[in-house]
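> Provide a 3D model corresponding to the input given below.
(one chain, ligands or ions: 2)
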Amino acid sequence: KRIVSISTQLTKITNYINELGTRAPDMVTVQNVGQSYNGRKMQLVKISTNPRGRNPVIFIDAGIHAREWVAPAMAMYLIHRLTNDPKARQRELNGVDWYILPNRLWRKTRSKSSPNNCFGVDGNRNYGFKWGVSGVSNNPCDPETYAGSQPFSEVETQIVRNIMMENQQRLKLYVSLHSYGQYLVYPWGYTADVLPRDWKKLHNLARMVSDSVVRAGGRPFNVMSAGQWYPAAGGSDDFAFGVVGVPYSYTMELTDGYEFTFPDKLLRVVLPQFYDGFITFSAQIKREF
Ligand code: 0X9
Ligand code: ZN
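Ligands and ions are numbered 1, 2, ... in the order given. Just a heads-up that it's a prediction; the model follows:
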């Protein structure tokens with residue numbers, strides 16, 4: 001089997017995105033939003049059939065945790081379907097704009113902390129809402145959940161925060177793509193003891209999304225608040241909901257049964273199933289906003 005390096009994969013993502021921007025400039029805008037710690041370009045793909053309009057925006061990011069590589073694969077598949085499926089124009093893209101950020105980090109970012117020279121911060125513990133209160137490590141050498149020296153210490157989380165802030169008014173749905181476990185969770189993530197006032201709306205939409213994935217032949221999602229799954233503070237979902245004021249905010253954990261090594265041959269089976277979930281998401285955003 002050919003071994004493809006991570007940078008090759010990123011190059012593939014970048015090439016595809018840039019090509020799309022040139023091939024379909026009326027529909028696709030590629031915005032360079034910044035650079036990762038290692039100097040890799042972070043590109044936001046904006047898909048809209050009415051780019052100068054004021055449609056509600058769905059913002060999806062993938063790859064906060066890079067080893068969860070099914071997430072960027074899903075983001076690329078979304079971009080592919082939205083721009084190539086003639087039905088999408090009338091359905092998912094009719095009245096809704098999609099902003100997709102298929103970035104590719106590691107579990108932790110690559111920044112170096114002095115004095116111990118350990119690498120990286122967990123991007124999903126670094127957001128500035130209830131930062132550090134649960135499910136984090138204060139040890140820069142922790143391999144997974146180091147929250148950083150302060151909220152938004154990482155350039156990558158700053159970039160995502162900027163995208164959210166710049167689109168605050170129109171941003172109605174945020175989905176952070178991860179793997180694994182087939183969970184679809186909503187705020188709050190920092191605690192198991194408190195739910196948002198309108199948690200039922202968040203819960204019901206998640207159930208509807210799960211049902212459409214099941215109708216497409218997929219497995220149901222486990223639906224609950226992120227904190228009921230396990231409390232962990234500083235996540236992008238809580239920040240989007242609690243600070244930016246995005247009415248629908250989720251973390252979606254794709255696939256189950258293979259941990260981080262989902263067989264790539266099965267992508268063609270599961271990605272279309274998940275896509276049907278996104279059709280349901282966009283239908284709700286259209287209905288409500
Ligand atoms: O722990 C995480 O960051 C996410 N799970 S993962 O296995 N992909 O690492 C869950 C995050 C859920 N949201 C919050 N806890 N805020
Ligand atoms: Zn993750």
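
> longest single helix anywhere in this protein?
Secondary structure of the chain per DSSP state H: the longest helix is helix 267-288.

> which helices and strands sit right next to that helix?
strand 57-62, helix 70-84, strand 171-178, helix 199-215, strand 248-253 (3 or more Cβ pairs under 8 Å, 6 or more residues apart in numbering; DSSP states H and E). To be clear about C-beta, it is placed using only N, CA and C from the backbone, and glycine gets the same treatment.

> relative orientation of the third one and strand 57-62 in degrees?
In this case it means strand 171-178. 10 degrees (axes from the mean of the first three to the mean of the last three Cα atoms, to 10 degrees).

> go on, the second one?
Here helix 70-84 runs at 140 degrees with respect to strand 57-62, directions being taken by the same axes, to 10 degrees.

> Convert the C-alpha atoms of helix 70-84 to CSV, please.
Provided in CSV are the C-alpha atoms of helix 70-84 (Å, rounded to 0.1, in the frame of the first residue of the first chain):
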residue,chain,number,x,y,z
VAL,A,70,-12.7,11.1,8.8
ALA,A,71,-13.8,14.6,9.8
PRO,A,72,-11.9,16.5,7.0
ALA,A,73,-12.9,13.7,4.6
MET,A,74,-16.6,14.5,5.5
ALA,A,75,-15.9,18.2,5.0
MET,A,76,-14.5,17.5,1.6
TYR,A,77,-17.4,15.3,0.7
LEU,A,78,-19.8,18.1,1.8
ILE,A,79,-18.0,20.6,-0.4
HIS,A,80,-18.1,18.1,-3.3
ARG,A,81,-21.8,17.4,-3.0
LEU,A,82,-22.8,21.0,-2.5
THR,A,83,-21.0,22.1,-5.6
ASN,A,84,-21.7,19.1,-7.9
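
> which other helices and strands contact that helix?
helix 6-23, strand 41-47, strand 57-62, strand 97-102, strand 171-178, helix 267-288.

> now the last one
Contact partners of strand 248-253 among helices and strands, from 3+ Cβ pairs under 8 Å, 6+ apart: strand 171-178, strand 183-186, helix 199-215, helix 236-239, helix 267-288.

> same check, this time on the longest one
Using 3+ Cβ pairs under 8 Å, 6+ apart as the contact test, the elements touching helix 199-215 are strand 183-186, strand 222-225, strand 248-253, helix 267-288.

> Which one, of those, ends up nearest to ligand 2?
strand 248-253 (7.2 Å; Cβ to the ion).

> ends of stretch 23-33, how far apart?
End-to-end distance of stretch 23-33 (Cα to Cα, to the nearest Å): 21 Å.

> Likewise for stretch 20-34?
Stretch 20-34: ends 19 Å apart by Cα to Cα.

> So which other helices or strands are in contact with the helix or strand bottoming out on mean pLDDT in the chain?
Using mean pLDDT, DSSP states H and E, the weakest-scoring helix or strand in the chain turns out to be strand 112-113, at a mean of 76. Counting contacts by 3+ Cβ pairs under 8 Å, 6+ apart, strand 112-113 packs against strand 118-119.
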